[in-house]
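Visitor: sharing a sequence plus its predicted fold:
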Amino acid sequence: MTDDYLTTVLEEAEHVAEQHDQVARTTDNQAHEYLRYAVLRILEGQADHLPTGWTPIDGVTVGYGSDDAMFDSWSASEDWWETVPPQEACTRFRVFFPDDHQTVPRIIVDVMAALGAWRVWMGSAAACGSYDHRERREVHYLWPEGHPIEERLFERLGGPAEAVAPDGGRSGDVRNRLVVDDDPRPQADLEPRTKRAVNESMDISLLSKGGRYEVQSTSGNRYEVDVVDESCTCPDWQQRSPEGGCKHLRRVDHEIKNGRVPRPDGRLPSQL
């Protein structure tokens with residue numbers, strides 16, 4: 001059953017990335033944000049992807065946020081932290097449910113287990129938060145940033161060029177920026193940097209997932225290109241930052257599009 005719920009969480013997170021990407025536009029870890037928003041939608045019965053036979057529990061609501069931020073807001077008035085101190089780089093889910101349940105409803109347990117979160121507190125919700133908490137209880141779960149389920153989501157999002165993907169797998173974003181192959185002008189009329197990007201001999205290799213590549217030029221110089229941040233360590237980029245990128249940025253884009261090097265999410269060309 002846990003596998004079924006994991007599939008549900010991943011499917012809903014993928015839907016969130018495609019249809020509600022605004023929830024993660026200001027976050028550093030978009031995959032983490034997509035997944036925790038997906039959990040909110042699932043437990044509140046608002047998700048587009050739910051398991052067969054799913055029966056939402058009336059009265060369940062979910063709050064979530066950084067554990068550190070919640071500690072800053074609630075440390076003076078709540079005793080949650082006596083059980084488990086605030087954890088760095090963790091999301092704390094506060095799941096509220098009617099207090100006529102003697103234990104945490106099974107749906108909540110299964111979804112949070114599929115996410116890889118662990119329970120850290122449960123108690124009366126009467127005096128907590130901004131919801132209408134009369135006759136309700138709440139259970140808290142912690143979920144660490146960088147959990148392997150984020151990599152699973154990267155794999156699902158790393159499909160066609162038009163797919164939405166977070167940092168570490170921006171295949172669509174990178175391809176939409178390409179300036180080399182989409183230039184309709186003849187080779188002789190190309191902008192000089194684009195012409196050099198296409199014609200000069202360069203060796204390209206992926207340094208790390210997230211879009212960092214090494215480019216070695218014919219002169220033997222090595223430069224680091226980041227296609228997500230759109231930067232290069234070469235003098236041309238550092239001193240002039242030309243529109244459309246230096247020749248190294250353009251060449252990496254060119255190689256990605258033509259399937260000659262791994263994509264920014266680390267997947268090989270054969271996996272495109």
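Guide: Done, it's in. Source: prediction; values computed, not measured.
Visitor: helix, strand or coil for E151?
Guide: helix (DSSP: H, G, I helix; E, B strand; the rest coil).
Visitor: try Q46
Guide: Classification of Q46 by three-state DSSP places it in coil.
Visitor: that one: what's it in contact with?
Guide: Listed by CB atoms under 8 Å, 6 or more residues apart in numbering, the contact set of Q46 is empty. Backbone N, C-alpha and C define where each C-beta goes, glycine included.
Visitor: just the pLDDT for it.
Guide: On the pLDDT scale, Q46 is placed at 87.
Visitor: next: S75.
Guide: pLDDT, S75: 78.
Visitor: burial measure for it, as a count.
Guide: For S75, the count of nearby residues is 13 (other CB atoms under 10 Å).
Visitor: now it: closest residue in space that isn't a chain neighbour?
Guide: Spatial nearest neighbour of S75, chain neighbours left out: W81 (6.0 Å); criterion: CB to CB, 6 or more residues apart in numbering.
Visitor: try P98
Guide: G59 (4.5 Å).
Visitor: and the gap between that neighbour and W121?
Guide: Here G59 is placed at a distance of 19 Å from W121 (CB to CB, to the nearest Å).
Visitor: who has more neighbours, the two?
Guide: Using other CB under 10 Å as the criterion, G59 and W121 rank with W121 on top: 18 against 15.
Visitor: in contact with L6, which residues?
Guide: A114, L115, I149, R152.
Visitor: that one sits in which helix or strand?
Guide: Applying DSSP states H and E as the criterion places L6 in helix 2-19.
Visitor: and for R94?
Guide: R94 belongs to strand 90-98 when assigned by DSSP H and E.
Visitor: buried ones in that strand?
Guide: By neighbour count on 16 or more other CB atoms under 10 Å, the buried set for strand 90-98 is C90, T91, R92, F93, R94, V95, F96, F97.
Visitor: any chance of these in TSV, plus pLDDT?
Guide: As requested, the buried residues of strand 90-98 are arranged in TSV below (pLDDT from 0 to 100):
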residue	pLDDT
C90	93
T91	94
R92	94
F93	95
R94	92
V95	93
F96	91
F97	91
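Visitor: closest to V261 among the residues you listed?
Guide: Distances from V261 to the buried residues of strand 90-98, taken as CB to CB, are shortest for T91 (33.9 Å).
Visitor: quick check, that closest one in contact with G146.
Guide: No: here T91 does not reach G146: they are 11.3 Å apart, not a contact under CB atoms under 8 Å.
Visitor: so what sits against both of these two?
Guide: H32.
Visitor: so can I have a markdown table of the buried residues of strand 90-98 showing distance to D28?
Guide: Formatted as a markdown table, the buried residues of strand 90-98 follow (distance: CB to CB, whole Å):
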| residue | distance to D28 |
| --- | --- |
| C90 | 15 |
| T91 | 13 |
| R92 | 18 |
| F93 | 19 |
| R94 | 22 |
| V95 | 25 |
| F96 | 28 |
| F97 | 31 |
